[in-house]
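Student: Here is my input, please return the structure:
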Amino acid sequence: MADDYVLIPNGEEDHAVTATTPKPPRVASLDVFRGLCVFLMMVVDYGGSIIPAITHSPWNGLHLADFVMPFFLFIAGVSLALVYKRVTNRVEATWKAVFRALKLFLLGVLLQGGYFHGVSSLTYGVDIERIRWFGILQRIAIGYVVAALCEIWLSHRTSREVGFFRSYYWHWCVIFLLSAIYAGLLYGLYVPDWEFKASTPTSLPPSDDTHVYAVKCSLRGDLGPACNSAGMIDRYIVGVDHLYSKPVYRNLKDCNMSTDGSIPDSSPSWCHTPFDPEGILSTLTAAVTCIIGLQYGHILAHIQDHKGRLNIWSLFSVSLFVLGSFLAFIGVPVNKSLYTISYMLITSASAGMTFCALYLLIDVYGYRCITFVLEWMGIHSLSIFIIVTSNLAVIAIQGFYWTDPENNIVHWIISPFVHK
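Tutor: Numbering: from 1, shown residues only. Reported below is the predicted structural model:
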């Protein structure tokens, strides 16, 4: 099933949005950009075990995989500006946006909540007491609904044409508000010492024994893996059992993770604890990325000439990049797991530059034939995302084996590289 503009199932046009206007034509560069996001996701998911340099940075820094999430959020925001260009019934449009976001959130829980066990296991199912509530689709769903509500309720529309910056100044107020709340909580909350109970140490085989890891903090404003306030908020609100159990910071040298994924008991206690990179606090700045993408979409919707669009997009992207680089220079780390403001600005700027390049290549110069595969992937992005995230295709292939379940094609391919 093709997806209209955003990474959500949307087979019908909203009557509340376009009751008096025809359905706008698809912008090819939007589909290609979305297809590029899906392609990058597949590359880092399946190639990260072979080429560690492209997988997520263990903590601070940027690797190729760290661009995928903000790129998805950015293009969802761009698309929303076209979907909600004219809204005739705000209440109905709001209900439909919320319902779509809810469907996307629940789909994310199914795909990344622990129900599917990956390519190394032929089993499925999840303990409700340990289900993971947050993930990629859940974050996109939240960013989508925040940006949609901004577009539906906070856009200053009049019968006369006004500058699009003046028409959407409330959107910038939301951006500054979310960023201020994020910074205040990240740097201002006091993080006390805390403990984590594990059924078994990560270096030992599963058992019924309980092991307690104590983490010493008693400070505020720390941005390390152990004592940041983002993790504390998730532990208090969501519960430590519902967080991501294999955080990427285990790849830090301090944790001494072995090739089979186990952490020795001599490693710091925080190396054994769960942490969710798609947690509550970092979702605030993730939503800002979606609203920034929305502003790029406004330029696409309101400015008709290619040169004008590219000039404003380029200026906007460079400004965001300079501001993000300045924050990184003065000590705000570029961190995907915390979705820091510097990370948000730099990756949003990178998404804007990439979109400019694709728009110039495809919609201006017309080189659509060389990107038709990415365009097709973008049109069917949700379907591909489901297949990749749940490993449905891989699971179906490895279901055929010789004598023993582990004697299958998939196991032969991944066993030299992956240890789970």
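Student: Which residue ranges of the stretch 251-400 of the chain form helices?
Tutor: Assigned by DSSP state H, counting those that start in this stretch, the helices in the stretch 251-400 of the chain fall at 280-302, 306-329, 341-358, 372-379, 381-390, 392-398.
Student: mind listing what residue 401 touches?
Tutor: Residues counted as contacts of residue 401 (C-beta atoms under 8 Å, 6 or more residues apart in numbering) are 407-408. Quick note: C-beta positions are derived from backbone N, CA and C, even for glycine.
Student: and it, what helix or strand is that in?
Tutor: Assigning secondary structure by DSSP states H and E places residue 401 outside every helix and strand.
Student: now it: how far from residue 46?
Tutor: Note on residue 401: its distance to residue 46, by C-beta to C-beta, to the nearest Å, is 21 Å.
Student: which residues touch the residue nearest the centre of the chain?
Tutor: What sits nearest the mean C-alpha location of the chain, by C-alpha atoms, centre = their mean, is residue 69, with 3.2 Å. Listed by C-beta under 8 Å, 6+ apart, the contact partners of residue 69 are 136, 139, 286, 336.
Student: Was I right to think residue 299 contacts residue 311?
Tutor: No - the pair residue 299 / residue 311 is not scored as a contact, 9.6 Å apart, by C-beta atoms under 8 Å.
Student: More neighbours: which of these two?
Tutor: residue 299 (19 against 14; other C-beta atoms under 10 Å).
Student: what's near enough to touch the more buried one?
Tutor: Neighbouring residues of residue 299 by C-beta under 8 Å, 6+ apart: 164, 309, 312-313, 316.
Student: Look up how far residue 292 lies from it.
Tutor: Residue 299 sits 12 Å away from residue 292, going by C-beta to C-beta.
Student: Show me the helices in the stretch 101-250 of the chain, by range?
Tutor: 136-153, 164-167, 169-188, 229-237.
Student: picking up where we left off before, residue 191: which of the helices of the stretch 251-400 of the chain is closest?
Tutor: helix 280-302 (12.1 Å; C-beta to C-beta).
Student: Endpoint to endpoint, stretch 296-311 covers what distance?
Tutor: One end of stretch 296-311 sits 12 Å from the other (C-alpha to C-alpha, to the nearest Å).
Student: ok, and for that stretch, which residues are buried?
Tutor: 296-303, 309-310 (16 or more other C-beta atoms under 10 Å).
Student: I'd assumed residue 389 was in contact with residue 136.
Tutor: Yes - between residue 136 and residue 389 a contact is recorded at 7.3 Å, counting by C-beta under 8 Å.
Student: Quick check, residue 48 in contact with residue 66.
Tutor: No - with contact defined as C-beta under 8 Å, residue 48 does not count as touching residue 66 (11.6 Å).
Student: Common neighbours of those two, please.
Tutor: residue 56.
Student: hmm, back to that, pick out the shakiest of the helices of the stretch 101-250 of the chain, pLDDT-wise.
Tutor: For the helices of the stretch 101-250 of the chain, mean pLDDT drops lowest on helix 164-167, to a mean of 68.
Student: roughly how far apart are residue 300 and residue 293?
Tutor: From residue 300 across to residue 293, the span is 10 Å (C-beta to C-beta).
Student: Please apply the same query to residue 74.
Tutor: Relative to residue 293, residue 74 is positioned 4 Å away (C-beta to C-beta).
Student: Can you pull the residues that touch both of the two?
Tutor: Between them, residue 74 and residue 293 share the contacting residues 348, 351, judged by C-beta under 8 Å, 6+ apart.
Student: deepest of the helices of the stretch 101-250 of the chain, which one?
Tutor: Ranked by mean neighbour count, the helices of the stretch 101-250 of the chain are led by helix 136-153 with a mean of 24 (mean count of other C-beta atoms under 10 Å).
Student: Just name whatever secondary elements that helix is in contact with.
Tutor: helix 68-83, helix 90-112, helix 169-188, helix 280-302, helix 381-390 (3 or more C-beta pairs under 8 Å, 6 or more residues apart in numbering; DSSP states H and E).
Student: just for the stretch 151-300 of the chain, where's the confidence low?
Tutor: Counting by pLDDT under 70, the ranges of the stretch 151-300 of the chain that qualify are 157-165, 199-209, 260.
Student: tell me the contacts of residue 343?
Tutor: So residue 343 contacts 62, 66, 70, 285, 324, 333-336 (C-beta under 8 Å, 6+ apart).
Student: Buried among the residues you listed? Make that a PyMOL selection.
Tutor: In PyMOL, a selection of the buried entries from the contacts of residue 343 looks like this (16+ other C-beta under 10 Å):
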select buried, resi 62+66+70+285+324+334+335+336
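Student: Residue 34: which of the contacts of residue 343 is nearest?
Tutor: residue 70 (13.4 Å).
Student: show me the contacts for that closest one.
Tutor: Residue 70 neighbours (C-beta under 8 Å, 6+ apart): 286, 289, 343-344, 347-348, 350-351.
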